[in-house]
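1. need coordinates for the below:
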Amino acid sequence: MSPQRELTSEAEQKQRGELQQLRAIFNDVLDAIVVFDEYFQVINANESACGLFEKTKDELLTYQMKDFLMYFPYDMIEAYYPALLEESYFKYEGAMTLRSGMMKHVEFTSHKHSHMSGIIVCTFRDITQHKMMENERFISHHMFMDVFNEAVDGIVIFDRTGQLIDANPSFCERLNYTRAQLLTKTLEELVEPTYHYKVKKLWRILHQEGKTSGELPIRLENGDVTFFEFTTTANIYSQYYMSIMRDVTEKRLMEQQLLRSEKNFRAIFENAIEAILIWGDDGEILNANLASSRTFELPLNKLIGSNLYTFIDTKSFSALKVLQTFQTKGEIRNQLPFYMPNGEIKQLEFTGKKGIIEGDHLTIFRNISERTKIEQELRNNEEKFRQIFNGSIDGLVLWDGKRNIIDVNSSLCDILELSKEEICAHSMEDFISSANLDAVIEHKETIEQKGEAEGEITYVTGNEKVKNIEFSTKKDILPGLYMTLLRDVTERNQMQEQIRKSDTLQVVGQLAAGIAHEIRNPMTALKGFVQLLESSIQEDHSLYFDIIKSELKRIETIITEFLVLAKPQAVKFEKKNLAAVVKETIDLLNAQALLENIQFELSVSPQLPMVYCEPNQIKQVLINVIKNAIEVTSNGGRIFVEVYSTEPHYVTVSVRDQGDGMPEERIKRLGEPFYTTKEKGTGLGLMVSYKIIEEHKGRIEVESKIGEGTAFRVILPA
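-> As a prediction, the model looks like this:
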C-alpha cells in the first residue's frame with residue numbers, strides 16, 4: 001500500500017471517530033436539538049428532543065417546522081419566519097404547550113446555516129425547573145417581606161458587627177424610632193448598658209450554635225426601658241442575623257398581677273359574703289369558704305368532704321338539665337332549690353366554671369330565697385298593672401325623660417287613630433302642634449315641680465279630624481318613667497256646648513214669649529193708626545208710609561220667629577218628596593236670584609226615598625239657607641243645589657254658593673241666638689232652621705273654604 005493511501009485511510013478513520021464523538025455529544029446533550037432541511041422538514045433529532053416532545057425519533061422525523069411552532073403562542077409564530085429570513089436567527093423565551101396539555105417554559109433558538117445547504121438547527125432548552133425555582137425564591141422573598149412588615153412582633157436584621165440592617169414597622173413603632181434612626185444604631189446601643197454582658201453572651205452562643213434566645217432590656221426613644229423576649233438565628237440571608245423581638249413588659253406585669261390576683265383570690269375566697277365551693281367531677285367538695293358553712297347549714301369541716309349532689313334533687317328535670325349544660329358547655333348560671341340538712345329548702349342562684357382550678361370546678365352560690373319572693377310579688381303587681389294598663393278605657397302612654405314613648409295601650413291607639421308601632425316610633429313632641437306648645441311647656445314645668453299635672457289640647461288625626469284631648473301626667477310612675485292619661489272629651493265638650501245653646505234657647509224662648517206678647521198689642525194699634533193716617537192725609541207721602549209698613553212687617557216677622565222659639569208648634573208631619581219641596585223653594589226664590597244675576601244649578605238623584613216631614617217648615621229652612629247663599633254670591637255667580645242619598649235611610653239637600661267662605665271659628669257659632677254676619681241680620685233665621693231640623697231628627701252640616709265658598713247640607717231621615 002502506498003504512503004499516500006495509508007494517509008488517506010488514517011484521515012478517514014479519524015473523521016469517523018470525530019463523527020461518532022459528535023453523534024454521542026448530539027444525543028447526550030441535555031438540550032433538545034432538532035435539525036431541519038431547507039424545506040423545514042425534520043432530518044434529525046436527539047434523545048432529549050424525543051423526551052421533551054414525548055415522541056420517538058422516527059415519529060419526530062415525520063414532523064415539519066409548523067408542527068413544532070404550533071406549541072408556541074401565535075405572536076411568536078408570526079415573528080419567527082420574518083426573523084429567520086432576514087437574520088437567519090431567532091430566539092424566544094416563554095411558554096410552550098405540548099399536545100398532552102403540559103406547559104413547559106423553554107429557551108428556543110433557531111439558526112439557519114446558509115453554508116450547509118440551508119440547514120436549520122433548533123434548540124429547545126427546558127428551563128421550567130429554573131423558572132419554578134425563581135418563582136419560589138420570588139414568592140419566598142415576598143412572603144418573608146410580608147411577614148416582616150405585617151408581623152405584630154418586632155423583627156430586626158443586623159450584621160456580624162451588630163449594626164442594624166433593617167427593622168420592621170412594629171419594632172420601630174414600639175421603640176418610637178423611625179426606621180432611618182434605628183439603622184444608624186448598633187444592637188449594643190439599644191441595650192441598657194448594665195446588660196451589655198448579655199449581648200456578649202448572645203454573640204458567643206450565636207457563633208457556637210447559630211441561634212439563641214432570651215430577654216434583653218431595650219431603651220426606648222423617650223428613655224424608658226422595656227424588656228423584649230428575643231429569638232435570634234444566624235445567616236438568615238447574606239450572612240446577616242435576624243431577631244424576633246417580643247415586648248414582654250406586659251407579660252411581666254401580668255405575671256406580677258397574677259401573683260397579686262392569687263393573693264386577692266385567696267382573700268376573696270376566705271372573706272366573700274357568697275358561698276364558694278371547689279369540687280370534683282364526682283361532686284365531692286374539696287374546699288369551701290366560711291360563707292358556705294352558713295349557706296349550707298353545716299360546719300366547715302363537715303361540709304368539706306361531703307357531696308354537692310346530696311343537696312339537690314338529681315332526679316328532677318331542672319337539676320338534670322343544669323348538670324347536662326354544665327358538662328357540655330363547661331359553665332353555668334342558673335338557680336335551683338337546695339335541700340339543707342336541717343330540712344330547710346333554699347333557693348340558691350349559682351355561677352359555675354368547669355375545670356378552672358387545676359381541673360376542679362368552682363361554683364359561687366347566693367341565697368335568693370327572699371329575692372325570689374319579692375320578684376314573684378313584683379311579677380304579680382306587674383301583671384295587675386299590665387291588665388289595668390291594657391284594659392283602661394282611657395288612653396295611657398309610658399315615656400321616659402327624653403320623651404321617648406315606651407309603651408301605649410289600645411285605647412290610646414283608638415284615640416289617635418294610629419297603630420301601636422306607629423306611635424312608639426315617635427317621641428311625645430311629635431304629637432304636639434305649635435298651637436298647643438305653650439300649654440305643653442307649662443304642663444312639663446308643673447310636672448317637674450309638683451310631680452303631676454293636667455291639661456287639655458287639640459289633636460288633629462291623620463284624616464283631619466279634630467279632637468279635644470284631656471290629659472294628666474304622673475312623674476316616676478316607675479323609676480325614670482312618666483305616665484300620661486289621655487281622654488277624648490270631644491263629645492263631652494260638644495254636649496256641653498249643646499247644653500249651653502239649649503239653655504240660651506230656653507232663655508230666648510222665655511224672653512221671646514214676653515216680648516212677642518208685649519209688642520204685638522201695640523203693633524196692632526200702630527198698624528191701624530198708620531192706615532187711618534194714610535187715608536186722611538191729602539198730600540202724597542206714600543213713600544214714607546210704605547217704609548213704615550215695611551218696617552212694621554219686618555218687626556212682625558221677627559215676632560213670628562220669636563214665637564217659633566217660644567213654644568212648640570202644632571205641626572203635621574207627612575210623607576213628602578223632598579226634591580219637590582226643593583224645586584218649589586227654588587221657584588219661589590228664582591225672581592230674587594235673577595235680580596242679582598245669579599243662576600241656580602239643580603241636580604236631583606233618581607229614585608229618592610220619601611221623607612217624613614212638615615213641608616212648610618222644611619221650605620222655611622231651605623228659604624233661609626238659599627237666601628243666605630244669594631246674599632253672599634257675587635253678581636253673575638251660581639248656586640249649586642243637589643238632592644241625593646249617600647247614607648242609608650237619609651236624604652241630603654246640599655246648597656253650595658260661590659261666596660268668600662268663612663273661617664272654622666265662625667262655622668262653630670252658626671245657629672247661636674243673635675249671631676249673624678249680615679249688617680241687618682238678627683241671627684234668628686239659622687237658629688230657627690237648626691231647631692226645625694233638630695225636631696225632624698236630622699242635622700245640618702256646614703263646610704266652607706276661604707275664597708271658594710260655603711256648602712250647607714240639610715240631612716233628613718227617610
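2. make it CA atoms for all contacts and neighbour counts henceforth
-> Will do.
3. contacts for the helix or strand hosting residue 205?
-> Per DSSP states H and E, residue 205 falls inside helix 196-209. For helix 196-209, contacts defined as CA atoms under 8 Å, 6 or more residues apart in numbering pick out 188, 211-213, 216, 232-234.
4. again, but for stretch 456-473
-> Contacts for stretch 456-473 (CA under 8 Å, 6+ apart): 416-417, 431-433, 436, 439, 447, 452-455, 482-490, 493.
5. if we can go back for a sec, redo the contacts of helix 196-209 as JSON lines? Include secondary structure.
-> Shown next, in JSON lines, are the contacts of helix 196-209 (DSSP: H, G, I helix; E, B strand; the rest coil):
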{"residue": "188", "secondary structure": "helix"}
{"residue": "211", "secondary structure": "strand"}
{"residue": "212", "secondary structure": "strand"}
{"residue": "213", "secondary structure": "strand"}
{"residue": "216", "secondary structure": "strand"}
{"residue": "232", "secondary structure": "strand"}
{"residue": "233", "secondary structure": "strand"}
{"residue": "234", "secondary structure": "coil"}
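6. list phi and psi for residue 185.
-> With angles defined as degrees, to the nearest 10, residue 185 sits at phi -110, psi 160.
7. hang on, it packs against residue 166?
-> No - shown here, residue 185 and residue 166 do not form a contact pair, counting by CA atoms under 8 Å, at 10.6 Å.
8. quick one, strands of the stretch 251-400 of the chain?
-> 275-279, 285-288, 331-339, 345-357, 360-367, 395-400 (DSSP state E, counting those that start in this stretch).
9. direction included, what does the second one pair against?
-> Just to be clear, that refers to strand 285-288. Strand 285-288 has the following strand partners under DSSP bridges: strand 275-279 (antiparallel).
10. may I have the partner strand as CSV, with CA atoms only?
-> Provided in CSV are the C-alpha atoms of strand 275-279 (Å, rounded to 0.1, in the frame of the first residue of the first chain):
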residue,chain,number,x,y,z
ALA,A,275,-70.7,30.8,99.4
ILE,A,276,-67.8,29.5,97.2
LEU,A,277,-67.2,25.8,96.6
ILE,A,278,-64.4,24.0,94.8
TRP,A,279,-65.5,20.4,93.9
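11. neighbouring contacts of it?
-> By CA under 8 Å, 6+ apart, strand 275-279 touches 269, 285-293, 295, 308, 360-366.
12. hmm, which of these are the buried ones?
-> 269, 285-293, 295, 308, 361-366 (16 or more other CA atoms under 10 Å).
13. select only the buried ones of the contacts of stretch 456-473 in ChimeraX?
-> Buried residues among these (16+ other CA under 10 Å), as a ChimeraX selection:
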select :416,432,447,452,453,454,482,483,484,485,486,487,488
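14. please narrow the contacts of stretch 456-473 to those residing in strands.
-> Secondary structure assignment by DSSP state E places 452-455, 482-488 of the contacts of stretch 456-473 in strands.
15. need the contacts of helix 196-209 in CSV with distance to residue 703 and pLDDT, can you?
-> Output for the contacts of helix 196-209, formatted as CSV (distance: CA to CA, whole Å; pLDDT from 0 to 100):
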residue, distance to residue 703, pLDDT
188, 98, 87
211, 100, 85
212, 99, 86
213, 96, 87
216, 93, 86
232, 95, 86
233, 97, 84
234, 99, 76
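16. quick check: residue 663 touching residue 707?
-> No - taking contacts as CA under 8 Å, residue 663 lies outside contact range of residue 707: 10.3 Å.
17. got a winner among the contacts of helix 196-209 for most neighbours?
-> The residue in the contacts of helix 196-209 with the most neighbours, by other CA atoms under 10 Å, is residue 216 (22 neighbours).
18. ok, it to residue 202 distance?
-> Distance, residue 216 to residue 202, by CA to CA, to the nearest Å: 10 Å.
19. give me phi/psi at residue 661?
-> Per-residue torsions, residue 661: phi 80, psi 180 (degrees, to the nearest 10).
20. could you measure from it over to residue 687?
-> Note on residue 661: its distance to residue 687, by CA to CA, is 19 Å.
21. helices of the stretch 101-250 of the chain, start to end?
-> Taking DSSP state H, counting those that start in this stretch, the helices of the stretch 101-250 of the chain run over residues 128-150, 169-175, 179-182, 187-190, 196-209, 249-271.
22. show me what the last one is packed against.
-> Other helices and strands packing on helix 249-271, by 3 or more CA pairs under 8 Å, 6 or more residues apart in numbering; DSSP states H and E, are strand 225-233, helix 290-295.
23. quick one, what contacts the spatially most central residue of the chain?
-> For the chain, the residue nearest the mean C-alpha position is residue 425 (12.0 Å; CA atoms, centre = their mean). Residue 425 makes contact with residue 405, according to CA under 8 Å, 6+ apart.
24. neighbours of the closest residue in space to residue 622 that isn't next to it in sequence, just the number please.
-> Spatial nearest neighbour of residue 622, chain neighbours left out: residue 585 (6.9 Å); criterion: CA to CA, 6 or more residues apart in numbering. Per other CA under 10 Å, the neighbour tally for residue 585 reads 18.
25. and residue 585, how far is that from residue 361?
-> Applying CA to CA to residue 585 and residue 361 gives a distance of 100 Å.
26. next: residue 687.
-> Counting by CA to CA, the gap from residue 687 to residue 361 is 90 Å.
27. buried residues in stretch 593-602?
-> Buried residues in stretch 593-602 (16+ other CA under 10 Å): 593, 596, 598-600, 602.
28. quick one: average pLDDT of it?
-> Across stretch 593-602, the average pLDDT comes to 88.
29. quick one: end-to-end distance for that stretch.
-> 14 Å.
30. contacting residues around it?
-> With CA under 8 Å, 6+ apart as the criterion, stretch 593-602 contacts 586, 590, 630, 633-642.
31. quick check: domain ranges of this structure?
-> 20-126, 134-253, 272-367, 379-487, 494-565, 568-717 (automatic domain parsing).
32. roughly how far out does the third one sit from the chain middle?
-> Right, domain 272-367. Here domain 272-367 is found 44 Å from its chain centre; the criterion is CA atoms, centre = their mean, to the nearest Å.
33. quick one: mean pLDDT over it.
-> Domain 272-367 comes out at a mean pLDDT of 91.
34. go on, the fourth one?
-> Per-residue pLDDT values across domain 379-487 average out to 80.
35. could I get the full set of helices for the stretch 501-650 of the chain?
-> 542-566, 578-595, 615-632.
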